[in-house]
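Enquirer: take a look and give me a structure for this.
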Amino acid sequence: MRGLFVTGTDTEIGKTVVAAALTAALAADGVPVGAFKPVVTGTDEEPADGKPRDHDLLAACAGMEPHAVAPYTFGPAVSPHLAAELDEVAIDPTTLVETARRTAAGRTLIAEGVGGLLVPLTLDGYLIRDLAVALDLPVVVVARPGLGTINHTLSTLEAARAVGLHVAGVVVTPWPEEPTPMQRSNVNTIAVLGDVDVATLAPLPGFAVAQLARAGATLPYDLWLG
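Expert: Below you'll find the model as predicted:
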């Protein structure tokens, strides 16, 4: 299976924008691409700032139907395991892996996690990290540029590498036009101490597929894909 697994140092970190940008850029290059997200929560709430729901945005970039991107969707904006419990639904790890593999057949897969690597998908402790291991894709970590990001990013790198995951790169976003000395230092420190390639992604003017494709083209995804 060829592709990337996009995770983050936290929730609301920009994972979906990065995953969508990568998906759109690959599609614009003429690469057959599929998008996958195991669970989407918070569908009861209207998206903020004009941003589509995660599976809607990924689907638009991949030319897929939203229901084919995310096998599980839940109304409350809570952790997947709790959302499933409230809905009296059991998230099946086998279903997640099989869905991802079907989507990847003949295509490059961009898989996006939920929250960070240690977010539980089930009450018996099946984590996003376990799904990433099962899919065995290079990992791209999305991180904030500001204070606290060094610890959060290095901790995520450690959590990934502890189970044998290959971290292909880190994307720091939203990267300002005029970064502060602290933000520049954060990127350099993560690169050196994390022994990892660090890219930056500027804020997007909107969520149109063409805008996402242009943003994704600034990322070194060919290198990450190997």
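
Enquirer: ok, which stretches of this protein are helices?
Expert: Ranges of helices in the chain, per DSSP state H, are 15-28, 54-62, 66-69, 80-86, 93-104, 128-135, 149-161, 181-194, 209-216, 221-225.

Enquirer: the fourth one: how far from the chain's middle?
Expert: A distance of 20 Å separates the centroid of the chain from that of helix 80-86, by CA atoms, centre = their mean, to the nearest Å.

Enquirer: cool, the shortest one as well?
Expert: In terms of CA atoms, centre = their mean, the gap separating the centre of helix 66-69 from the centre of its chain is 16 Å.

Enquirer: from the contact counts, what lies against it?
Expert: helix 54-62 (3 or more CB pairs under 8 Å, 6 or more residues apart in numbering; DSSP states H and E). C-beta coordinates here come from the backbone N, C-alpha and C atoms, glycine included.

Enquirer: tell me the mean pLDDT for the helix it packs on?
Expert: Confidence over helix 54-62 (mean pLDDT, whole number) is 97.

Enquirer: hey, which helix or strand in the chain has the poorest pLDDT?
Expert: Every helix and strand in the chain was compared by mean pLDDT, DSSP states H and E; the lowest is helix 80-86, with a mean of 93.

Enquirer: packing partners for that one?
Expert: strand 39-40.

Enquirer: show me the shaky parts of this structure.
Expert: Within the chain, no range satisfies pLDDT under 70.

Enquirer: residue most distant from the centroid, it?
Expert: Pro181 (27.1 Å; CA atoms, centre = their mean).

Enquirer: report the separation between that residue and Asn188.
Expert: Note on Pro181: its distance to Asn188, by CB to CB, to the nearest Å, is 10 Å.

Enquirer: from Val6, how far off is the closest residue to Gly226 other than its chain neighbours?
Expert: Excluding its sequence neighbours, the residue lying closest to Gly226 (CB to CB, 6 or more residues apart in numbering) is Pro138, at 7.0 Å. Using CB to CB, Pro138 is found at 10 Å from Val6.

Enquirer: more neighbours, these two?
Expert: For Pro138 versus Val6, the count of surrounding residues by other CB atoms under 10 Å is larger for Val6: 27 against 18.

Enquirer: run through the bridge partners of the more buried one.
Expert: Under DSSP bridges, the beta-bridge partners of Val6 are Glu112, Val140.

Enquirer: wait, isn't it in contact with Thr23?
Expert: No - Val6 lies out of contact with Thr23 (CB atoms under 8 Å); the separation is 9.6 Å.

Enquirer: what's around Arg102, how many residues?
Expert: 12.
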